[in-house]
Every structure is written in C-alpha cells, then in structure tokens.
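Student: What follows is a protein structure lacking sequence information:
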Ligand SMILES: [Zn+2]
C-alpha cells in the first residue's frame, strides 16, 4: 500500500551505503505467471531473476527498486514461447520503467513546460522515453476540438531547423520539415495556443481552418494577423464573415524604416558617401526613430535645428512628419486613450497621413508607404477599433 505499485509486495526497505532508499519486492499478482503469448497460467518455475525497474523519486531523492521475479516455463505444448518472466501492468514486458515514472515525466513536460531533456535528466530516463511520455500525455488534449473563439490570432513561428532530402531520381532537394510553422491563438479567451501547422503559406493556414467545424468558423469575428497578404487571403477564403486586424506594431515599424531609408538616401546624395558622426543628420538618427511624444523639448529643438538648414534636411523632415502622421490614428486605440475610438476619427487621421504623402509625392519612400497603408486601410482601422494584436498571445504561448 505504501509503495503504491499494484502487484509488487515489498519485503524489505533500507537505506543503501550512499543513503539511497533501496526497496526489495516480490511479485504478488496472479496474472503475472500468465504467458504473454498464449495466456496460459504457468505452474513451473524455471528460474529467479533480479530486475531493476526505475521508479519515481521519494521526497526528492532517487529510489532503487530490486524486484525478485520468477522466470516461468510455458505449460502449453503448442506455444512457441519456452520461458517468460513475470510482468505487471505498471511494468510491461521488456520495460524497465514503471508506468507512474513515465506519466510523471510526461505530465511535467506538458503541464510545467519543462523540456524533455530536463525531465529525462530528473527522472533518470532517456530523452526518447521522456518524449514518448509527453506525446502520450498530450495526445488526449490535442484530440479535443477547441471551443468557439470570437477573436482569433494567426502568426508565424520559427521552430528548429529545416530538413532536406535529396530526390534520388532528379537529384533535387526536397523539403522534409519546414522551419516555419503557422500558429493559431485565442486572443480574448483563455485557450491560448489553439493549433499549429507546419509551413506558412496560404494553403497551410487554410488547411487548419478548413478542418474546424463550420459553426466554429462562423463564430470567429476578428482575426489578427501580421501585415502579410498570405494569411489575409487564407482568412478571406476560409472565414469570409470575419474582419481582419493587422498588427499595428508592423505598421509603425514600416514607418520607422521609411524614415531611415529617406535619411540614408538623402545623406548619400548630399555628401556622396554614407553618414558618419559629425554630420548633423547622423547626430539625430536615433531621435528620428523615437516617438515624438517621448522627445524632450531640447531633443525636439535638436532635430528641427538639424533638418531646417537645407533642402536635404527638409526632405528628411517630411518623412519624419509622415511617420508621426501615421502614428496619429494608431494612437486612438483604447489602450492609449482609455476610451473607445470612433471609426470616423480613425479614418480622418489616416486620410491626413495619405494627404501629407500626396503633398510630398517627390519622396518615393513616402509614396510607397502610403500605397501600402491604403491597401491595408480597413485592416488598420479594425485593429485600432478592436485593439487586438498577436503580440501578447505569442508571448504567452512561447514564453
Ligand atoms: Zn505460452
């Protein structure tokens, strides 16, 4: 009863030379003498063997189990098996691990999020054994279909290395395992990561969505994605009733990159070389990246002072103002203002950005950004109005 493995009767327990608990046990299980091939219960003992099944730790310390078990002769004349050793449901034939040790290792990986390598080291088992135990623990959970989700996140995730195989006929490389996966998150509920498929094409994402029940797909109201047309077309194909919200971080990132592109091009045209310290444009390059509201009055004066000197500086200033004009509608989201934004306000501010770009259409980087933004206008407005983004979901799932 204390030892807790059905069919093992403890005959002795003592501390070994190094303090390890040693447990001696014999078999106390009638079915243990049944031949694993034919099922006949044997009455002829052939031999006695000593087995060392691994077991869970006791109070944090390892336990050494010594199991004195019998080898039996099969009594059935037609059976091919001559002899067999006793086995128990907790310790199947040719298995040196007790089932409870494997279950514990699998549960630690699944529930506590430790790696199979760490669980294997702690339990004193091999990595494949720990990984198999994890797969056995995860299987039943993965078979359950996710509950309906109103706000779905789709994002790519890099996992491991790609693996290739050479086609022997053509000599070409074939992709066996893609390093990129597509992940699906529950953004407003508590289900976290809903699913993950290999690859990051439209078909990869659509495949996972197609396997969901039609009622589940109909329940999705908003889908948050990166600014990437691949997932957008998967959503439009499989979830025609859902609205798309793009990650606003990527919108700001594009604007910051555009400002840097203009600065580098203008500096090259002005000096005929890359920028270097001492150039006024170089001295403000980190300030141009910062959000306007985070600049001190002295920093703001430094930027305007550096940029108002000549036409080159004014071109950089126009790009910089464009970046801030694009951030303007994004700052209407409830997380910034504390109140629900009005759609007309968001669209007015987006229009003001596009208007600025049209007034400065001699700056190609600004025009190109305006084209991208107007292509994603509805998705940007949806993100500002709903406030959904993948950033937090990805953080929670892959922390
Ligand atoms: Zn048999």
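Tutor: Arrived safely, thanks for sending. Worth saying up front: this structure is predicted, and the values here are computed from it rather than measured. Numbers count the residues shown, from 1 in each chain.

Student: And the pLDDT for residue 14?
Tutor: pLDDT recorded at residue 14 is 90.

Student: Checking my notes, it in a strand, right?
Tutor: Yes: counting by DSSP: H, G, I helix; E, B strand; the rest coil, residue 14 is part of a strand.

Student: Mind listing the residues bridging to it?
Tutor: residue 22 (DSSP bridges).

Student: What is the neighbour count of it?
Tutor: For residue 14, the number of neighbouring residues by other Cβ atoms under 10 Å comes to 9. Just so you know, the C-beta spots here come from the backbone N, C-alpha and C atoms, and that holds for glycine as well.

Student: these two touch, right, it and residue 64?
Tutor: No: using Cβ atoms under 8 Å, residue 14 is not in contact with residue 64; the gap is 10.1 Å.

Student: any residues in contact with both of these two?
Tutor: 21, 22 (Cβ atoms under 8 Å, 6 or more residues apart in numbering).

Student: right, and residue 37 touches residue 81 too?
Tutor: Yes: with contacts counted by Cβ under 8 Å, residue 37 reaches residue 81, the gap being 4.6 Å.

Student: shared neighbours, these two?
Tutor: Contacts common to residue 37 and residue 81, judged by Cβ under 8 Å, 6+ apart, are residue 74.

Student: contacting residues for residue 57?
Tutor: Residue 57 is in contact with residue 63, counting by Cβ under 8 Å, 6+ apart.

Student: again with residue 105
Tutor: Neighbours of residue 105 in contact, by Cβ under 8 Å, 6+ apart: 119, 120, 122, 123, 125, 129, 130, 133, 134.

Student: Out of the residues you listed, which is nearest to the ion?
Tutor: Nearest to the ion among those is residue 129, at 28.3 Å by Cβ to the ion.

Student: Neighbours of that closest one, how many?
Tutor: Neighbour tally, residue 129, other Cβ under 10 Å: 21.

Student: show me what contacts it?
Tutor: 97, 102, 105, 120.

Student: Name the SS class of it, please.
Tutor: helix.

Student: tell me the pLDDT at it?
Tutor: pLDDT, residue 129: 91.

Student: just residue 399 next, same as before
Tutor: In this model, residue 399 carries a pLDDT of 47.

Student: Quick check: mean pLDDT of the strand or helix carrying residue 384?
Tutor: According to DSSP states H and E, residue 384 maps onto helix 377-386. Here helix 377-386 scores 93 as its mean pLDDT.

Student: With stretch 71-83 instead?
Tutor: pLDDT averaged over stretch 71-83 gives 88.

Student: Residue 184: neighbour count?
Tutor: There are 23 residues near residue 184, going by other Cβ under 10 Å.

Student: Show me the two of the contacts of residue 105 that sit farthest apart.
Tutor: 122 and 134 (13.4 Å; Cβ to Cβ).

Student: where exactly do the helices run in the stretch 251-399 of the chain?
Tutor: Applying DSSP state H, counting those that start in this stretch to the stretch 251-399 of the chain gives helices spanning 280-283, 285-289, 297-307, 311-330, 334-337, 343-359, 364-375, 377-386, 390-398.

Student: ranking those helices by mean pLDDT, which is last?
Tutor: helix 390-398 has the lowest average pLDDT among those, namely a mean of 63.

Student: Could you check how far the nearest residue to residue 361 once chain neighbours are set aside is from the ion?
Tutor: Once flanking residues are discounted, residue 361 sits nearest to residue 367: 5.4 Å by Cβ to Cβ, 6 or more residues apart in numbering. Distance of residue 367 to the ion, computed by Cβ to the ion, to the nearest Å: 83 Å.

Student: Quick check: residue 367 touching residue 357?
Tutor: Yes: here residue 367 reaches residue 357: they are 6.0 Å apart, a contact under Cβ under 8 Å.

Student: what about these two, which has more around it?
Tutor: Using other Cβ under 10 Å as the criterion, residue 367 and residue 357 rank with residue 357 on top: 24 against 13.
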